[in-house]
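K.L.:
below is the sequence, then the predicted model.
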Amino acid sequence: MMKWLRRRRERRTGFPAARINNRDLTALLTEVSAHGHPNLNRLRLIANAIDPISLNIKQLGYSLARQLADALPPPTGTVARKQNLPNGLSTQSAIESEWVAHWCSELKIPVVYHRKLWELCFVLQSLFDADMIAEGRRGLGFGCGAEPLPSYLAAQGVAVTATDLAPEAAAASGWAESGQHASDPDQAFMAHLVSRQAFDEKVQLRFVDMNAIPADLTGYDFCWSVCALEHLGSIANGLAFIENSLDCLRPGGLAVHTTEFNIRENGPTVDNWMSVAFQRKHMEALAQRLTAQGHHVAPFDFGLGSGALDRFVDLPPYHGELPANLAEWLGPPAHLKLSIDGMIVTCIGLAIRKAE
């Protein structure tokens with residue numbers, strides 16, 4: 001039987017089963033021969049379909065997201081209202097909510113179906129719910145990069161310490177090349193949100209390793225991070241950071257963090273890597289530990305959403321990996337969930353009130 005299977009595989013591949021090596025696999029997967037002829041090997045024919053399938057899925061999902069976004073009322077004339085948000089996931093219904101429309105209006109950005117937009121709005125709504133966006137408050141941002149929150153908060157009278165990796169550490173990790181790292185205050189300054197004078201008066205930039213928070217960063221009314229703690233090297237490091245960030249707050253202060261969330265409750269997830277993905281069990285264990293210490297963790301809602309875009313999972317290659325003409329053809333990315341290393345990932349937001 002085994003001999004028959006081996007002979008069958010040899011007939012299909014053209015290579016003896018016992019002698020397939022990297023060179024042979026390369027030949028099997030090469031798109032065209034040295035003469036430019038298409039590679040008609042069965043393995044190559046299967047591989048040929050992967051990119052077109054991915055692009056079809058992306059195009060359909062992005063097109064639907066654009067149509068739904070165009071149908072939303074423009075985010076103008078909105079009013080901030082307390083929502084008392086649960087700790088939860090990025091969903092289509094949240095993007096379509098009045099509270100997201102309000103914070104998009106405040107940030108002067110259009111409402112689009114993108115989980116990164118939801119993260120910014122989740123942080124601001126959570127801070128508003130706790131009366132933290134006010135003159136005289138002190139806020140500490142971790143891994144801020146070029147995000148708009150320091151500028152917006154400064155315009156509201158909040159004194160902000162915006163932190164990021166030191167330039168040499170960011171360069172070593174490849175983070176500086178992403179365009180999301182801030183090496184000087186000018187990269188965090190958003191002229192459409194705050195005057196230069198108010199920004200210079202209210203915002204201070206410090207270089208901070210989130211795995212080793214300096215002891216002098218204390219007494220803040222609130223702290224936050226937006227999709228930064230998953231880059232700390234492991235799930236354990238990320239959870240430790242969330243807990244350690246509470247040391248930066250005065251009693252009763254608020255920590256608000258967003259991060260990558262693997263929607264699969266059990267089974268494997270990415271850990272001990274440049275970007276990790278947390279699961280429900282990690283969040284619940286953290287909440288239990290913090291609650292035992294006297295902190296208040298907002299209730300969790302792990303609902304995945306029921307809208308069409310809640311069920312759209314974006315696939316690689318992602319926008320920055322595509323040739324320029326294909327990226328332009330697809331249009332701006334729009335997704336609430338995506339596949340990272342074969343796992344379906346979205347964003348989760350956590351708000352934690354420090355014990356009094």
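P.N.:
Now that the structure is in, tell me what you want to look at.
K.L.:
any idea which element residue 199 lies in?
P.N.:
Using DSSP states H and E, the element containing residue 199 is helix 196-202.
K.L.:
sorry, wrong one. I was asking about residue 80.
P.N.:
Counting by DSSP H and E, residue 80 is found in no helix or strand.
K.L.:
check it and give its pLDDT.
P.N.:
Reading off the confidence values, residue 80 has pLDDT 96.
K.L.:
how about the strands in the stretch 51-200 of the chain?
P.N.:
87-88, 138-142, 159-164 (DSSP state E, counting those that start in this stretch).
K.L.:
and the helix holding residue 199, what does it pack onto?
P.N.:
helix 149-155 (3 or more CB pairs under 8 Å, 6 or more residues apart in numbering; DSSP states H and E). From N, CA and C alone the C-beta is placed, and that goes for glycine too.
K.L.:
related to what we said a few turns ago, whichever helix or strand comes after the helix holding residue 199 packs against which elements?
P.N.:
With elements assigned by DSSP H and E, the helix or strand that comes after helix 196-202 is strand 203-207. Taking 3+ CB pairs under 8 Å, 6+ apart as contact, the helices and strands that strand 203-207 lies on are helix 149-155, strand 159-164.
K.L.:
make CSV out of those and add mean pLDDT and mean neighbour count.
P.N.:
Compiled in CSV, those are given as follows (pLDDT from 0 to 100; neighbours: other CB atoms under 10 Å):
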stretch, mean pLDDT, mean neighbour count
helix 149-155, 98, 24
strand 159-164, 97, 24
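K.L.:
now distance to residue 114 too, for the ones you listed, in TSV please.
P.N.:
Listed next are the helices and strands packed on strand 203-207 as TSV, based on distance: least, CB to CB, whole Å:
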stretch	distance to residue 114
helix 149-155	16
strand 159-164	22
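K.L.:
low pLDDT regions in the stretch 101-250 of the chain?
P.N.:
Scanning the stretch 101-250 of the chain for pLDDT under 70 picks out the ranges 168-185.
K.L.:
just to revisit the earlier point, check which residues of the helix holding residue 199 are buried.
P.N.:
Neighbour counts using 16 or more other CB atoms under 10 Å place 199, 202 of helix 196-202 among the buried residues.
K.L.:
so how far is stretch 219-239 from its chain's centroid?
P.N.:
Computed by CA atoms, centre = their mean, to the nearest Å, the chain-centroid distance of stretch 219-239 equals 12 Å.
K.L.:
start to end distance for that stretch?
P.N.:
21 Å (CA to CA, to the nearest Å).
K.L.:
name the single longest helix found in the protein.
P.N.:
helix 42-71 (DSSP state H).
K.L.:
what comes up buried for that helix?
P.N.:
44, 55, 58, 61-62, 65, 68-69.
K.L.:
could I get the strands of the stretch 51-200 of the chain as JSON lines with distance to residue 349?
P.N.:
Converted to JSON lines, these look like this (distance: least, CB to CB, whole Å):
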{"stretch": "strand 87-88", "distance to residue 349": "6"}
{"stretch": "strand 138-142", "distance to residue 349": "15"}
{"stretch": "strand 159-164", "distance to residue 349": "19"}
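K.L.:
can you show me the helices along this structure?
P.N.:
Counting by DSSP H, the helices of the chain are 2-13, 22-29, 42-71, 92-95, 98-107, 115-129, 149-155, 167-173, 196-202, 235-245, 280-292, 324-330.
K.L.:
what helices and strands are in contact with the third one?
P.N.:
If contacts are counted by 3+ CB pairs under 8 Å, 6+ apart, helix 42-71 sits against helix 2-13, helix 22-29, strand 313-314, helix 324-330.
K.L.:
what mean pLDDT does the last one have?
P.N.:
Looking back up the chat, that one is helix 324-330. Rounded mean pLDDT across helix 324-330 is 93.
K.L.:
just how off-centre is it within its chain?
P.N.:
22 Å.
K.L.:
that helix packs against which elements?
P.N.:
helix 42-71.
K.L.:
re earlier: lowest-confidence stretch among the helices and strands packed on helix 42-71?
P.N.:
helix 2-13 (a mean of 49).
K.L.:
report the contact partners of residue 38.
P.N.:
31-32 (CB atoms under 8 Å, 6 or more residues apart in numbering).
K.L.:
at 6 Å what do you get?
P.N.:
Shown in contact with residue 38 (CB atoms under 6 Å, 6 or more residues apart in numbering): residue 32.
K.L.:
partner residues bridging it?
P.N.:
In this entry, residue 38 is beta-bridged to residue 32, by DSSP bridges.
K.L.:
from residue 119, how far out is it?
P.N.:
44 Å (CB to CB, to the nearest Å).
K.L.:
next one: residue 288
P.N.:
Distance from residue 288 to residue 119, by CB to CB: 24 Å.
K.L.:
who has more neighbours, the two?
P.N.:
Neighbours per residue, other CB atoms under 10 Å: of residue 288 and residue 119, the larger number sits with residue 119, 23 against 10.
K.L.:
which residues are in contact with the longest strand seen in the chain?
P.N.:
Once the chain is assigned using DSSP state E, the strand that runs over the most residues is strand 249-262. With contact meaning CB under 6 Å, 6+ apart, strand 249-262 is reached by 119, 123, 126, 130, 132, 219-227, 229-230, 242, 245-246, 269, 277-279, 343, 345-354, 356.
K.L.:
can you tell me which of those residues are buried?
P.N.:
Using 16+ other CB under 10 Å, the buried members of the contacts of strand 249-262 are 119, 123, 126, 130, 132, 220-227, 229-230, 242, 245-246, 269, 277-279, 343, 345-354.
K.L.:
please flag which of the residues you listed sit within strands.
P.N.:
220-226, 343, 345-353.
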